[in-house]
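Asks: the following block contains a protein sequence and its predicted model.
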Amino acid sequence: RDLSKPMGAQTPARAEQFRVRHDEWNDATGEVPPFHYGVHYSSAAAVCSYMLRLQPFTEHHRLLQDGRFDLADRLFHSVFEEWSLASGERGNDTGCVKELTPELYYMHEALHNLNKLELGRRQDGTLLHH
């Protein structure tokens, strides 16, 4: 991770993708100025998603999802997967430039389902239990 660059610029191709978005932006109303990223690199919802295996984040996540967990395919389940998406190493999703929360690097409890939450099953059939 190159800390001198935002997540949207971790690879040259990804940086170019956002540069082009900015340079070619054309809002017909003239109300929205050019921008690189259409989402925030961090938000309360993102933190709750990463930390959902621990309270109080479990309940905050449920509150944001009408009292239940989000779909298993959208729940945090892998540091590698999140990095791949946010850095642009996998796919071209310009809606994902989230930073991982520092707790994921030193608080192993955030990576394990110690409270045995029923997080569902992913579309590939994998039970999301860790």
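Replies: Here it is on my side, so go on.

Asks: how about the one helix or strand residue 58 maps to: buried residues?
Replies: Of the helices and strands defined by DSSP states H and E, residue 58 is found in helix 57-64. Neighbour-count burial for helix 57-64, with 16 or more other Cβ atoms under 10 Å as criterion, is recorded at 57-58, 60-62. Glycine gets a C-beta too; all of them are placed from N, C-alpha and C.

Asks: low pLDDT regions in the protein?
Replies: Filtered on pLDDT under 70, the chain yields the residue ranges 91.

Asks: got the contact list for the helix holding residue 58?
Replies: 44-45, 47-49, 51-52, 68-70, 115, 117 (Cβ atoms under 8 Å, 6 or more residues apart in numbering).

Asks: any idea how many residues pack against the nearest residue to residue 127 once chain neighbours are set aside?
Replies: Once its chain neighbours are removed from consideration, residue 127 has its nearest residue in residue 121; the separation is 5.3 Å (Cβ to Cβ, 6 or more residues apart in numbering). Applying other Cβ atoms under 10 Å, we find 14 other residues in the vicinity of residue 121.

Asks: repeat for residue 87
Replies: Applying other Cβ under 10 Å, we find 19 other residues in the vicinity of residue 87.
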